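Peer 1: missing the sequence, but the structure's below:
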């Protein structure tokens, strides 16, 4: 391989050169024409003349921004390079490209057209292609094992030429087909990014509209001067921009300057990309000369092509010879300066605008034999010394600026982080109170866009009642005194939000120029405080005033000298049964329902409160007489007598009410409350669902009840409780078939205490469950003993309290009593009242079924005194119905009572229920009851309740019971 170069002057001189070198006889000649842009017509003429003189020539011509001839930079000429190959075949192509073309596909198709199995190298040039990156990637997708070198001949005024045609927008390429062709590419980059880092603030694809918020042309004017800015895009190559956003720095070439101050570059740019200006490193440029010489001399080299950016020419100019001319000792060095150069291998793509590509080519795999010539570059080195000094100055200045800039950036980032990420409102105002900055939190919380806040007076966003205080505190801050105060701001939607505001004066050069504001949102804190305050005075379940608030209101009312007031204490009857059987959740729902019913009744000035548990209180201020309190109390009783429906079930809750009136029943809170409670307790004692006014006598009775409760708690362990037994008679046979166990309390001090006195107390205190279990066990044991003494069919009736019946452990206690006593289950009759079963019908059904499954008989006691709801008789699993003595007592004189008793007996016969008539006191009553069809009777006519021994003697006499 041999390479010859000449500068074109005339056709005659060219013809003589070709003849001298015997080029016309060669079989493979590659001709490169490098012409500056002003000679666009001449290259086509020259190429056609060469083609006529050398028919085998493959010709490629391009426009250049300067020429490299024998390692020296020259201008104003046309450089012709002839490379003669012995074993390498060359193919060329020239193709126009439209703007709308798919450049990636164009690159791929070009590579597929040129590359053969023996292709080793492609030299490729583009002109007028802005987005050449896509084109190069298309080439790379095919040319994995082929080296591709080339550059950009121009974006607007460049051209490409062959002997066929000349084009201003497209590509021209030559493929070198020889698998043994030796190709080595050396890339020299002598540039470094220096100075301030800029940020792209607006861009679209390859077009940059603003950098750091200003137009790119203005940026060049600001940092590089008017002349550089005016001569864009050509002047940009002297100090190129570099994109430093990625892992590697990417040089940018300005393709076009637009009238709006924007620029188009050769790469795609994203908003946020970081840019820096770059400068040639003169010291590196000199040091690279020897390294480059050593590298090239150590590879097979017969010809050297140089593809260099015009940035190198513009910055280093005459100093280029210092680096490239020594390579002439190895082989001819020729090339040109381009708008950018690219280099493609299987390892990737280098697409630059500030480097030099030195390409060595050889057909023989032999290292060159060279002897380096001593060269002197006095003027060039002086120029280079100046560049070194300039580079050093730029570097030193840049390092200082970078250190200062880094410090400022860190400071700015810390402030920005504090400003942007702060959950509190952060803003600043000028001396007139106008907002000059506001962080995202302020915009988010107050719902305003930035433009709606900026330059507006801060008082615009303050609630009216806080404006005066806020203004005063602001002016105090402007006087140099920091202020902290609470205020309420208004959001765009009108929401009032509480803040703690801190104002701090802004001091610049010793002068106050405004104030910073920091607002901590205390809205939730205020809400929490209000919630806590509400919880302190209101019941969480019913939202009624609680005990604390109620007592405060009573005390306030008592301070009004001439006003009489009433305190009403309401206790719900049977609520505990529902709460225990259905659970606290259902109990809470029913309490809420009750409170709603009470609210409907208790209005006007009266205050309803939940005192605790199932107790409510009412304050009636300024009453005129007792009738007002009685009337309201009766309304409460009537309201609570209505059934409460929950989950399609009816529940019945009544109330016991106690009333105290000031000043008669006390002038102090504690006494009035205590006396109302005593009256309520009295109402419960007399059967509940009633109203009692406090009287002085109740105090003594209350103390008696407290003493009685104390005794009762020790009664079981001291064996003071005993059972009496009242016979139940078969009316047909006039014989004892069963008895009812009735509890008595034989107290050593009080004597025999009536059940009417201590059973309600036991219910109220919860002792009834322990007492009930004792009665059940004692009755079963005693009845079994009598059975073993010769009365095997004797049955026992045991009363079950409502609380005992609702206990989850009740069935287990019955089983235990039967097992331990040995009493046959059918001989145990458990008596429950109507009110007990109707308190919770579903639960009652379940419980009664469980009891009957044991073989036990279930009896409804005192029928007719409760709700008298006949529907439950057919739904509940029952065995016996006991007619209350109130109907039997007047059966002789009262036709209505007789009709009711007869109807009940007839109904029970239809339901297959046994019937026991209670309270038979005369022979006539017994005969009438029997005539109605009743099977069994019980009452003082037959026998009063008897002690165990007396009842046992009665059994053994085996004669008709007599009145005792």
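Peer 2: Cool, the structure landed. It should be emphasised that the depicted structure is a prediction, and the values quoted were computed from it without experimental measurement.

Peer 1: and the pLDDT at residue 426?
Peer 2: According to the prediction, residue 426 has pLDDT 88.

Peer 1: distance check, the nearest residue to it once chain neighbours are set aside against residue 420.
Peer 2: The shortest distance from residue 426 to any non-neighbouring residue, by C-beta to C-beta, 6 or more residues apart in numbering, is to residue 439 (4.3 Å). Yep, even glycine has a C-beta here, placed from its N, CA and C like the rest. Residue 439 sits 6 Å away from residue 420, going by C-beta to C-beta, to the nearest Å.

Peer 1: and the two? Which one has more around it.
Peer 2: Each of residue 439 and residue 420 has its neighbours counted (other C-beta atoms under 10 Å); residue 439 has more, 20 against 12.

Peer 1: quick one, what contacts the more buried one?
Peer 2: For residue 439, the contact set (C-beta atoms under 8 Å, 6 or more residues apart in numbering) comprises 419-420, 422, 425-427.

Peer 1: so of these, which ones are in helices?
Peer 2: Judged by DSSP state H, the contacts of residue 439 include 419-420 as members of helices.

Peer 1: of the contacts of residue 439, keep whichever come out buried.
Peer 2: Neighbour counting with 16 or more other C-beta atoms under 10 Å marks 419, 425-427 as buried within these.

Peer 1: stretch 140-154: which residues count as buried?
Peer 2: Across stretch 140-154, burial judged by 16+ other C-beta under 10 Å covers 140, 142-143, 146-154.

Peer 1: show me the residues around residue 772 that make contact.
Peer 2: For residue 772, the contacting residues are 800-801, 804, by C-beta under 8 Å, 6+ apart.

Peer 1: list just the nearest of the residues you listed to residue 213.
Peer 2: Taking C-beta to C-beta as the measure, residue 213 lies nearest residue 804 of the contacts of residue 772, at 85.9 Å.

Peer 1: what strand or helix carries the closest one?
Peer 2: helix 802-806 (DSSP states H and E).

Peer 1: ditto for residue 232
Peer 2: Going by DSSP H and E, residue 232 is not in any helix or strand.

Peer 1: same check on residue 819?
Peer 2: helix 810-821.

Peer 1: where does pLDDT dip in the stretch 751-900 of the chain?
Peer 2: 838-839, 864-872 (pLDDT under 70).

Peer 1: now do the strands in the stretch 1-150 of the chain.
Peer 2: 2-7, 29-36, 57-64, 67-69, 72-74, 78-84, 89-96, 119-127, 147-154 (DSSP state E, counting those that start in this stretch).

Peer 1: show me where the stretch 251-400 of the chain has strands.
Peer 2: Along the stretch 251-400 of the chain, counting by DSSP E, counting those that start in this stretch, strands occupy 254-257, 263-265, 274-280, 303-309, 333-338, 341-345, 348-352, 355-362.

Peer 1: mean confidence score for the second one?
Peer 2: Here the mean pLDDT over strand 263-265 is 89, rounded to a whole number.

Peer 1: next SSE downstream of the helix or strand containing residue 722?
Peer 2: According to DSSP H and E, residue 722 maps onto strand 721-730. Downstream of strand 721-730, the first helix or strand assigned by DSSP H and E is strand 735-747.

Peer 1: so what strands line up beside the helix or strand that that next one is followed by?
Peer 2: With elements assigned by DSSP H and E, the helix or strand that comes after strand 735-747 is strand 751-753. Applying DSSP bridges to the sheet, strand 751-753 is found paired with strand 735-747 (antiparallel).

Peer 1: now the angle between strand 721-730 and the partner strand, please.
Peer 2: Angle, strand 735-747 to strand 721-730, by axes from the mean of the first three to the mean of the last three C-alpha atoms, to 10 degrees: 160 degrees.

Peer 1: shaky segments in the stretch 551-700 of the chain?
Peer 2: Looking at the stretch 551-700 of the chain by pLDDT under 70, you get 561-562, 581, 687, 698-700.

Peer 1: tabulate the buried ones among the contacts of residue 439 in CSV, adding columns for distance to residue 744.
Peer 2: Listed next are these as CSV, based on distance: C-beta to C-beta, whole Å:
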residue, distance to residue 744
419, 86
425, 79
426, 83
427, 85
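
Peer 1: which of the three states applies to residue 481?
Peer 2: Taking DSSP: H, G, I helix; E, B strand; the rest coil as the rule, one finds residue 481 in the coil state.

Peer 1: what separation do you get for it and residue 473?
Peer 2: Between residue 481 and residue 473 the computed distance is 9 Å (C-beta to C-beta).

Peer 1: more neighbours: which of these two?
Peer 2: Neighbour totals were compared for residue 481 and residue 473, and residue 473 leads with 20 against 12 (other C-beta under 10 Å).

Peer 1: list the contacts of the more buried one.
Peer 2: For residue 473, the contacting residues are 483, 485, 501, 503, by C-beta under 8 Å, 6+ apart.

Peer 1: before we move on, what about residue 538?
Peer 2: Counting by C-beta under 8 Å, 6+ apart, residue 538 has contacts 544-546, 549.

Peer 1: among the residues you listed, which two are most distant?
Peer 2: 544 and 549, at 9.0 Å, using C-beta to C-beta across these.

Peer 1: anything in contact with each of these two?
Peer 2: Common neighbours of residue 544 and residue 549, counting by C-beta under 8 Å, 6+ apart, are 538, 609.

Peer 1: compare these two (neighbour count), which wins?
Peer 2: Between residue 544 and residue 549, counting by other C-beta under 10 Å, residue 544 is the more crowded of the two (21 against 17).

Peer 1: distance of the closest residue to that one other than its chain neighbours from residue 237?
Peer 2: Closest residue to residue 544 apart from its sequence neighbours, by C-beta to C-beta, 6+ apart: residue 610 at 4.6 Å. Using C-beta to C-beta, residue 610 is found at 88 Å from residue 237.

Peer 1: and the residue lying closest to residue 813 once chain neighbours are set aside, helix, strand or coil?
Peer 2: Leaving out its chain neighbours, the residue that sits closest to residue 813 by C-beta to C-beta, 6+ apart is residue 773, at 5.2 Å. Following three-state DSSP, residue 773 is assigned to helix.
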